[in-house]
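Colleague: only geometry, no sequence info:
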DNA sequence: CCATATAGTTCAGATTGAAAACTAATTGGA
DNA sequence: TCCAATTAGTTTTCAATCTGAACTATATGG
């Protein structure tokens, strides 16, 4: 018997709620759900061009009548706004330009090992406010960290009030495995957190969509997809204290059945390699993690002036030990990427975090390694470096909430009508 | 700007045509498309239980009225048939049992390195006829091979005629990378085929859905999913002459943006390993491919009695060299699976082909290797062995066509109404 | 100032599922 | 034997929503 099933949305999650439930029956009303989303998405995609209703009709394949009706609902709910007349220079009546409202926003937040950040992103994807503070969070109690983050969130809320932006929800990225439904950090080894309950909803009281917890590498990957260098399919490599990864397939995040896909740092790159903190052995992280690189480069912990800065200086001075350390890291990263590319048919890679900083010195070794292990598989021009830096994670965290509105505006309309 | 997009169906392909196009507008008629598919799928899933209309209504969430109307269309087209009265032992009017028609079938075919096979599968997934012949296809011209396969296909067609089964289409699995749209074998190294145009449509003239080309490992994986040991998420490992893999995510085949995902055989398992035929180095195939195992076990090519049989005999006799060879293969397969599990969050593995035959001796080394490189990641009970043997590939190849009918019955209805 | 062109709205018509009332077929007990 | 109860399936009415065509609104250019 054939018992395959429709795609289960928990595996690939580009936004949150899918337009259609897994195996729900189609109802006449679903058509409108879908078309509302189609129009929202079309406006988002067109971006700065501020399309008119007529252009949307042409772009989506819907009739002008249908688009008018859909846009009316979206404008009434405040998700979309008209921004003056649009003129093509041609003859005829000018259209009303449409955009995702600049007066609805989402707060993006990030907890990392040595800093906290918060920002305000409007529906159009513009970063309207951004604030970062250093904070040595490793080993700190989650309550303490959340308290500090609350201060940053308050700044973002104040900025929103000042700009007359109403906050729909928030996204919070954490360097660890999370259970989004239950607001749990299952495991964040670099923070020394295991199974901690956060209460992110407290950060943004009254926001209709609440606060959505997410993984740092995954959010950064989504940030690249929506606001940065990402194409529709790529692997984002996050070199923070650990080595993480985010897999984007068909413009959606692939999280795997258990939600922990993309663990690039624990791919085995040498069968006789040393034990890893994950319990395994020969993992990429033991060769290319920040700690491993610093150690191989001979830059001890607690060095004055910052280990990253010292490493960069040593590289600039062509110091052999540092050069070799980064070269080796690049080689092993190449092994991991070659294997990943073969397994998942990945054709593009975006380097972020530490690897972005070291890219200049890392890239040659990485490319020659890729050429050795998987010649011709990954075009060098598809190996790019993130240009969003720290705001990528923030944008991605907020973007997930924005994306959920774009994918399910109907649900949002309903909620706002009831309120 | 947020510019993510709806899931592109070319990345995950469980069947062929998705119910909805990528970014097409929702029309009122789409609702029926979806519900026709929902009902078909529901009947397929219920399988031998032969559900009544009332049970389908309860199962799908549709009203009895809607189900009646949908079933009427499906019965009229011949895709679904009523199979007598259904009795629960309870009171009340008995329902009409429904099943996917046993009088519509799909021909599954397979070209492999040393054999050809064809079979007839009805819409309900029953293998109604099956025939395999040995054929040393390596290096043979595609035309010659297709001619031989034509003989097998004719047998299947005759069997269909005898059983009064009308053939809707066919599936042909090949051990290589294929371009399904253009009926091309892009690369099948073990057949020594590169960029060969097949004409599979000639095998089944007049079949309304044509013949669909597919990759052997992928079809075997789908066969396991639909008819065998597969769950909704697993990695199928195909140990034929090469080492291949098929990735099933959320009950759909993951093929990657370029269509070549799952190349488990070319994951790097040792950075200092020997050169591989793929141009890379240290690939799993150089350690765990059939050739590598035979060689390490000291069983020369052309041995009398068959290399596999000699290997099994040596293993049964606990001969050290053979035992060590299989142990090493298991160890390296463990490395590849550990990396795969980490990257894709894979929680289950099904061993097929050569690995299924060797499973008894391979499994201990494989499990201890997994425990060493990724402890706790993959539960031993989730490492299973295929029990479909060679018919898995055949069932998968045919199943893809069956699945496409289940997912898009409306298109089929249209076509059959025009004819 | 009017012909032309483009934007957007209004309204009749078609498709479709929900809900409810109805018909059909069976069991079990009076 | 026959009728009440029960379950299956159909018919009818209604609401949602898109299409298509006709219509109104607003601009340009000669």
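Modeller: Great, that's in hand. Values in this document were obtained by computation on a predicted structure and should not be read as measured data.

Colleague: And for residue A:70, the neighbour number?
Modeller: By other Cβ atoms under 10 Å in any protein chain shown, 25 other residues sit near residue A:70. (C-beta placed from N, C-alpha, C; glycine too.)

Colleague: cool, and residue A:308?
Modeller: Residues near residue A:308, counting by other Cβ under 10 Å, number 16.

Colleague: for residue A:247, which residues make a bridge with it?
Modeller: Listed beta-bridge partners, residue A:247: residue A:235, residue A:254 (assigned using DSSP bridges).

Colleague: So it versus residue A:256, what's the distance?
Modeller: Distance check for residue A:247 against residue A:256: by Cβ to Cβ, to the nearest Å, it reads 9 Å.

Colleague: Helix or strand: which one has residue A:178?
Modeller: If you go by DSSP states H and E, residue A:178 is part of strand A:177-179.

Colleague: Tell me which helix or strand comes right after that strand.
Modeller: Downstream of strand A:177-179, the next assigned helix or strand under DSSP H and E is strand A:184-188.

Colleague: Give the other helices and strands that that next one contacts.
Modeller: Counting contacts by 3 or more Cβ pairs under 8 Å, 6 or more residues apart in numbering or on different chains; DSSP states H and E, strand A:184-188 is packed against strand A:177-179, strand A:193-197.

Colleague: and if we set it to 10 Å?
Modeller: Here strand A:184-188 touches strand A:177-179, strand A:193-197, strand A:211-215, going by 3 or more Cβ pairs under 10 Å, 6 or more residues apart in numbering or on different chains; DSSP states H and E.

Colleague: how about the residues of the stretch 1-150 of chain A that lie near DNA strand D?
Modeller: When proximity is defined by Cβ under 7 Å from any atom of the strand, the stretch 1-150 of chain A lies next to DNA strand D at A:28-29, A:31-32, A:35, A:61-66, A:69-70, A:85, A:87, A:90-94.

Colleague: Strands - which of the residues you listed land there?
Modeller: residue A:85 (DSSP state E).

Colleague: Give me the buried entries from the residues of the stretch 1-150 of chain A next to DNA strand D.
Modeller: In these, burial by neighbour count holds for A:31-32, A:35, A:62, A:66, A:69-70, counting by 16 or more other Cβ atoms under 10 Å in any protein chain shown.

Colleague: For residue A:312, which non-adjacent residue is closest in space?
Modeller: residue A:357 (7.3 Å; Cβ to Cβ, 6 or more residues apart in numbering or on different chains).

Colleague: what residue ranges in chain A score low on pLDDT?
Modeller: Counting by pLDDT under 70, chain A contains low-confidence ranges at A:1-22, A:88-89, A:417-419.

Colleague: Mind jotting down where the helices sit in it?
Modeller: For chain A, the helices defined by DSSP state H occupy A:28-46, A:53-60, A:64-77, A:142-162, A:216-227, A:285-288, A:290-296, A:307-316, A:320-344, A:353-357, A:359-373, A:391-407, A:409-418.

Colleague: Compute the distance between residue A:72 and residue B:327, please.
Modeller: According to Cβ to Cβ, residue A:72 stands 70 Å off from residue B:327.

Colleague: Look at the two and report which has more neighbours.
Modeller: Counted by other Cβ under 10 Å, residue A:72 and residue B:327 do not tie: residue B:327 has more neighbours, with 17 against 12.

Colleague: Excluding sequence neighbours, find me the nearest residue to the more buried one.
Modeller: In space, residue B:327 comes closest to residue B:365 once its chain neighbours are excluded; the distance is 4.3 Å by Cβ to Cβ, 6+ apart.

Colleague: now residue A:166
Modeller: residue A:104 (5.7 Å).

Colleague: do residue A:179 as well
Modeller: Nearest residue to residue A:179, sequence neighbours excluded (Cβ to Cβ, 6+ apart): residue A:186, at 5.6 Å.

Colleague: For burial, what's the neighbour tally of the one you found?
Modeller: Using other Cβ under 10 Å, residue A:186 has 15 other residues around it.

Colleague: what about the nearest residue to residue A:412 once chain neighbours are set aside, how many residues close to it?
Modeller: Using Cβ to Cβ, 6+ apart and skipping residues adjacent in sequence, the residue nearest residue A:412 is residue A:405, 5.5 Å away. Number of residues near residue A:405 (other Cβ under 10 Å) recorded here: 26.

Colleague: related to what we said a few turns ago, just name the most buried of the helices and strands packed on strand A:184-188.
Modeller: Most buried of those by mean neighbour count (mean count of other Cβ atoms under 10 Å in any protein chain shown) is strand A:211-215; its value is a mean of 25.

Colleague: how close does residue A:171 get to chain B?
Modeller: 13 Å (Cβ to the nearest Cβ, to the nearest Å).

Colleague: Who are the contact partners of that residue?
Modeller: Residues near residue A:171 by Cβ atoms under 10 Å, 6 or more residues apart in numbering or on different chains: A:106-110, A:121, A:200, A:209, A:211-214, A:219, A:222, A:393-404.

Colleague: filter the residues you listed down to the ones close to DNA strand C.
Modeller: Near DNA strand C, by the rule Cβ under 7 Å from any atom of the strand, you find none of the contacts of residue A:171.

Colleague: ok, the closest residue in space to residue A:171 that isn't next to it in sequence to residue B:83 distance?
Modeller: Once flanking residues are discounted, residue A:171 sits nearest to residue A:397: 3.3 Å by Cβ to Cβ, 6+ apart. Counting by Cβ to Cβ, the separation of residue A:397 from residue B:83 is 54 Å.

Colleague: Between these two, which has more neighbouring residues?
Modeller: Neighbours per residue (other Cβ under 10 Å) separate residue A:397 from residue B:83, with residue A:397 holding more: 34 against 13.

Colleague: Do I have it right that that one meets residue A:110?
Modeller: Yes - the pair residue A:397 / residue A:110 is scored as a contact, 6.4 Å apart, by Cβ atoms under 10 Å.

Colleague: Please identify every residue contacting each of those two.
Modeller: Joint contacts of residue A:397 and residue A:110 (Cβ under 10 Å, 6+ apart) are A:117-119, A:171-174, A:214, A:216, A:219-220.

Colleague: List just the nearest of those to residue A:374.
Modeller: Nearest to residue A:374, judged by Cβ to Cβ, of the shared contacts of residue A:397 and residue A:110 is residue A:220 at 24.4 Å.

Colleague: Check the burial of that closest one by counting its neighbours.
Modeller: Neighbour count of residue A:220, defined by other Cβ under 10 Å: 35.
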